[in-house]
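Visitor: Requesting a structural model of the entry that follows:
(chains A and B)
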Protein chains: 2
Amino acid sequence: MKLAIIFGGKSYEHEISIVSAIAMKDILKHELIYIFLNTNREFYHIPTDTIKSKLFSSGEYKKSDKLLLKNGAFTKKAMFGEKTLDFDIALNIIHGGDGEDGLVSSLLEFNNIQYLGPRKGACSVAFNKFLTKGYASSVDVKTIQYKYYTNKSQISVVQYPVIIKPVTLGSSIGVSIVKNQEELDYALDVAFEFDDAVIIEPFIQGIKEYNLAGCKIDGEFVFSIIEEPQKAEFLDFDKKYLDFARTSKAIEANLDDEMANKVKETFKKIYNNTFEGSLIRCDLFIHEGEVYLNEINPIPGSMANYLFEDFNAVFTSLASSLPKQRNITINYEYVNKIQASKGK
Amino acid sequence: MKLAIIFGGKSYEHEISIVSAIAMKDILKHELIYIFLNTNREFYHIPTDTIKSKLFSSGEYKKSDKLLLKNGAFTKKAMFGEKTLDFDIALNIIHGGDGEDGLVSSLLEFNNIQYLGPRKGACSVAFNKFLTKGYASSVDVKTIQYKYYTNKSQISVVQYPVIIKPVTLGSSIGVSIVKNQEELDYALDVAFEFDDAVIIEPFIQGIKEYNLAGCKIDGEFVFSIIEEPQKAEFLDFDKKYLDFARTSKAIEANLDDEMANKVKETFKKIYNNTFEGSLIRCDLFIHEGEVYLNEINPIPGSMANYLFEDFNAVFTSLASSLPKQRNITINYEYVNKIQASKGK
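Guide: Sure, this is the predicted structure:
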C-alpha cells in the first residue's frame, strides 16, 4: 500500500505532528509519501528518504515541491503541465488544530481523497473538551464534573485544587493545576492566551489514569493493551511531547478482567459509529470502581503504535475498511414542482 | 457591501439551498455575487441578474464560469491568467450536507475567506441530532427524551406513537411518525435510506412549537420575534420547502413575557460561544411550562428573514462583527530541544 502521511498544520501542536509523522517511518511497513501542511496552509511533498525535523525548523522544506489539492489528487507542477502524487490512501496525522478539529477531514472529503482518520463530526466532539462532555453523556459514559467558562465569564472556584483546561487544545497545552485563589488568575491568563473558553474540574489527587487505543474494523472492535501511563503530577507538554516519538512497547496495566472489560465497554460506547475510519486513544480514569472518560485522542501521538502487539497489521486492516461517502442523487423534483406551481 | 452567496452542495437539501439563495435577492440590500456548488463539488459563478432555479435543474448553469477556491479568493480563468471574484464576505447558505455539516466552513477557513455562517464545531453539534442532544444537556437545556440507534441496532419500541428521525438530515427528510409496530419497519427503512443512524422520540400530540432566530453581535444578543409556526401533524418536506422561499413577515406568537423570556434564555444558552458568526433559528417546544430544544438550524431556510422586523439591518451588522481566526506562531522550540537532546 502507498500511504500519504499528512502532517504539520496551523496549530499549537504543529511541532508534535512533525515528530509523530517521522516516527511512522519506523512503524509502518508501507511505502510512505510525506505531505507537509505549513502554517500558511500550503502543502509540500517532502522526500521520504531525507525527512527529518530540522527541515521544518530551518524552513528548508520550502525547497521541496509545492502541492495543490484538487478533486481526487494532490498535484505538483511538472515539465509539461502537472503531475499527480501517487498514493492509495492518506493518513491524517495533524494533531490539534487543522487535523483534529475537522478541517483537514473536510478538505479530504471535499476532494474525494480516501483517508484514515476521524471524520469531521467525530473531530468536533473530540477536539472541544466541552463538547466531549456532552457527547460522553449522550453515549452514557461518565466524566469528571466540570464548569465551563468563556473569557467573558465571571469565574469563581469554591474548592481547590482544580485543573484548568482550554477547551480546544491537546497535549496539555495551557493546562494548569491550581491550588488556591492566588494561582487562579495566572492560570486563567495562561489558558485564555490559547483559547476563548476553559473547563474547570476538581483535581483528584492520585486518580488512576489508563489509556486504551483501538478501532472498529468491519464492525468488530480491535483493542490495544491497556496502559497505565507514568505521570508526574500530570503530564506536561515537554513530557507528552517526547511520547509523540514513542515506538517502544508499553507495559500492560495491572487490571482484573472485570475492570479491563469495563474499560473496553466504555471505549466501545465512545467509539460508537462516530469514530469510524479512525484509530483513537481514550484516556480514562478509574475512581472508586467506576470508569470516567478524561479525553478522546482521535489522532493519538505516533498513532499509539506502542500500545499494540502488531500495530502495522491493525493499521493495514483498518486502512482497507474505510467508510465510503454516501452517493446522493438530485432529481430536481422540488424545483420543478415550484416552477410548475408558479406557472413558469 | 459585496456579498458572495454560496449555495447548492452535495446534499439531500441541495434544491432548497437553491431556493433559499434566490430568495436573498428580495431580502438583502447588498450587491450579491452568486457562487454555486454542484454535487460534483465544483464551484460556478452564476450571474445575479439571470439567476433562477431552472438554471440548475436544466444543467444550464454549466455554461457559467467555473471557479477555483484558492487562498483568499475564488478565481476564474481570464484572457490573461486568472481573475479574482471580488467580494467582501461570503454567506454560507448551503442547507444540509456540505453547508451545515461543517465542510464548507472548513474550506472557507482553510482558504482565509471571511464568512457569515456557523463555524465547523457549531455545525457538528447542530447537524447531528444525536450530538445536539448531548450539546443541549451540556448547556443545560432540556430536550425530549430519546433513543439512539444505528442501522445495525436491534430496535424495539415500547410505547407508540413515536417520531423517527435520521440523525443528520434537516427539512424533515426521512422523518416519520409511527403509530404501531406495523408502521415501524417501513419508517426505519425510509430513515436508513438516508442515514446510518436514527433517534426515536415519543411523539407528543399537540405539543406547541415555537421558532426564534437570532445572533450575537459584539457580545449582545439580537432576537427575531417568536413565531408559532403553522403545522400539519408535522411539517413535511414539501411544506417546509416552500418555507425556504418565504419572505412575507411572520406573526408573533401569543406568549406572556415570562414564557417569552424563558424561550430567549434557552436560545442564549444554545448559541453560547459556539454559534458565533452565524444567525441561527432554534425550534423549541413548550410543554407543561417548560422549554425544550427540538432542533438548531445553523443556516435556517431563507435565513429566517421573515422573523425579523429589519432583517437587512441585523444581517449587515452581524456581517461586520465576524469572528477572526487566531494567529498562531510556531517557534520550533520543541523540535530544536529534541535535536539538541539527540546531539544532532
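Visitor: which stretches of the stretch 151-300 of chain A form helices?
Guide: A:181-194, A:237-243, A:257-271 (DSSP state H, counting those that start in this stretch).
Visitor: Nearest to residue A:77, out of those?
Guide: helix A:237-243 (35.4 Å; Cβ to Cβ). C-betas here are computed from N, CA, C, even on glycine.
Visitor: Low-confidence stretches in chain A?
Guide: A:171, A:231-243, A:341-344 (pLDDT under 70).
Visitor: Domain boundaries for it, per the record?
Guide: By the assignment in automatic domain parsing, chain A contains the domains A:2-116, A:124-141+A:206-319, A:145-202.
Visitor: Spell out which residues of the stretch 101-250 of chain A are next to chain B.
Guide: A:101-103, A:105-107, A:109-112, A:120-121, A:123-125, A:127-128, A:130-131, A:133-139, A:148, A:150, A:152, A:168, A:196-197, A:219, A:237-238, A:241-242, A:245 (Cβ under 8 Å from any Cβ of the partner chain).
Visitor: In strands, which of the residues you listed fall?
Guide: A:148, A:150, A:197 (DSSP state E).
Visitor: Would you convert those into TSV that also reports distance to residue B:89 and neighbour count?
Guide: Below are those laid out as TSV (distance: Cβ to Cβ, whole Å; neighbours: other Cβ atoms under 10 Å in any protein chain shown):
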residue	distance to residue B:89	neighbour count
A:148	29	19
A:150	24	15
A:197	25	22
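Visitor: what's the distance between the residue of the stretch 201-344 of chain A found nearest chain B and residue B:214?
Guide: Using Cβ to the nearest Cβ, the closest approach of the stretch 201-344 of chain A to chain B is made by residue A:332 at 3.6 Å. Noted for residue A:332: a distance of 33 Å to residue B:214, by Cβ to Cβ, to the nearest Å.
Visitor: if you count what's nearby, which of those two comes out ahead?
Guide: residue B:214 (24 against 18; other Cβ atoms under 10 Å in any protein chain shown).
Visitor: List the contacts of that one.
Guide: Listed by Cβ atoms under 8 Å, 6 or more residues apart in numbering or on different chains, the contact set of residue B:214 reads B:221-224, B:267, B:271, B:279-280.
Visitor: and with 6 Å instead?
Guide: B:221-224, B:267 (Cβ atoms under 6 Å, 6 or more residues apart in numbering or on different chains).
Visitor: Name the nearest of the residues you listed relative to chain A.
Guide: Closest to chain A, out of all of these and judged by Cβ to the nearest Cβ, is residue B:221, at 13.1 Å.
Visitor: Next one: that closest one from residue B:169, what distance?
Guide: Note on residue B:221: its distance to residue B:169, by Cβ to Cβ, is 28 Å.
Visitor: Of the two, which one has the most company?
Guide: residue B:169 (23 against 12).
Visitor: Now the phi/psi pair for that one, please.
Guide: phi -120, psi 150 (degrees, to the nearest 10).
Visitor: these two touch, right, it and residue B:192?
Guide: No - Residue B:169 is beyond contact range of residue B:192, at 11.5 Å (criterion: Cβ atoms under 6 Å).
Visitor: Residue A:70 - nearest residue in space that isn't next to it in sequence?
Guide: residue A:111 (6.5 Å; Cβ to Cβ, 6 or more residues apart in numbering or on different chains).
Visitor: For that neighbour, grab phi and psi.
Guide: Dihedral angles (degrees, to the nearest 10) for residue A:111: phi -100, psi 10.
Visitor: and what of residue A:102?
Guide: phi 100, psi -10.
Visitor: quick one: contacts for it?
Guide: A:120, A:123-124, B:102, B:120.
Visitor: cutoff 8 Å now
Guide: By Cβ under 8 Å, 6+ apart, the contact list for residue A:102 reads A:118-124, A:127, B:102, B:106, B:120-121, B:124.
Visitor: tell me the contacts of residue A:285?
Guide: A:144, A:204, A:207-210, A:291-294.
Visitor: mind running it again at 6 Å?
Guide: So residue A:285 contacts A:207, A:209, A:292, A:294 (Cβ under 6 Å, 6+ apart).
Visitor: Could you report the separation of the third one from residue A:282?
Guide: Using Cβ to Cβ, residue A:292 is found at 11 Å from residue A:282.
Visitor: The longest strand seen in chain A: how far from the chain's middle?
Guide: For chain A, the longest strand by residue count, based on DSSP E, is strand A:208-217. Counting by Cα atoms, centre = their mean, to the nearest Å, strand A:208-217 is centred 13 Å from the centre of its parent chain.
Visitor: Phi first, then psi, for the residue of the stretch 201-344 of chain A closest to chain B.
Guide: Torsion angles, degrees, to the nearest 10, at residue A:332: phi 60, psi 30.
Visitor: I'd say it and residue B:58 touch.
Guide: No - contact criterion Cβ under 6 Å: residue A:332 and residue B:58 do not qualify, at 8.5 Å.
Visitor: intersection of neighbour lists for these two?
Guide: Common contacts of residue A:332 and residue B:58 (Cβ under 6 Å, 6+ apart): none found.
Visitor: what's the closest non-adjacent residue to the residue of the stretch 201-344 of chain A closest to chain B?
Guide: residue B:57 (3.6 Å).
Visitor: Tally up the residues packed near the one you found, please.
Guide: With other Cβ under 10 Å as criterion, residue B:57 counts 20.
Visitor: Which helix or strand contains the residue nearest to residue A:43 when sequence neighbours are not counted?
Guide: If the residues on either side of it in the chain are set aside, residue A:43 comes closest to residue A:67, at 3.9 Å by Cβ to Cβ, 6+ apart. Assigned by DSSP states H and E, residue A:67 belongs to strand A:65-70.
Visitor: Show me what that strand is packed up against.
Guide: If you count contacts as 3 or more Cβ pairs under 6 Å, 6 or more residues apart in numbering or on different chains; DSSP states H and E, strand A:65-70 packs onto strand A:43-46, strand A:73-77.
Visitor: Pull that strand out as CSV, backbone CA atoms only.
Guide: Coordinates of the C-alpha atoms in strand A:65-70 are reproduced here as CSV (Å, rounded to 0.1, in the frame of the first residue of the first chain):
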residue,chain,number,x,y,z
ASP,A,65,7.8,20.6,-4.4
LYS,A,66,4.6,22.5,-3.6
LEU,A,67,1.4,20.6,-3.9
LEU,A,68,-2.1,21.6,-4.9
LEU,A,69,-5.1,19.7,-3.5
LYS,A,70,-7.6,19.0,-6.3
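Visitor: List the buried residues of it.
Guide: Under the neighbour-count criterion of 16 or more other Cβ atoms under 10 Å in any protein chain shown, strand A:65-70 has A:65, A:67, A:69 buried.
Visitor: for those residues, which one is nearest chain B?
Guide: For the buried residues of strand A:65-70, the nearest to chain B is residue A:69 (9.4 Å; Cβ to the nearest Cβ).
Visitor: mind listing what that closest one touches?
Guide: residue A:111.
Visitor: and what of the one 5 residues further on?
Guide: When the contact criterion is Cβ under 6 Å, 6+ apart, the partners of residue A:74 are A:67, A:85.
Visitor: Tell me what it is bridged to.
Guide: residue A:69 (DSSP bridges).
Visitor: any idea how far residue A:4 is from it?
Guide: Taken as Cβ to Cβ, the span from residue A:74 to residue A:4 is 7 Å.
Visitor: ditto for residue A:154
Guide: 48 Å.
Visitor: the more surrounded of these two?
Guide: residue A:4 (23 against 5).
Visitor: Would you agree that one falls within a strand?
Guide: Yes - counting by DSSP: H, G, I helix; E, B strand; the rest coil, residue A:4 is found in a strand.
Visitor: Who are the contact partners of it?
Guide: Here residue A:4 is in contact with A:33, A:35, A:87, A:90 (Cβ under 6 Å, 6+ apart).
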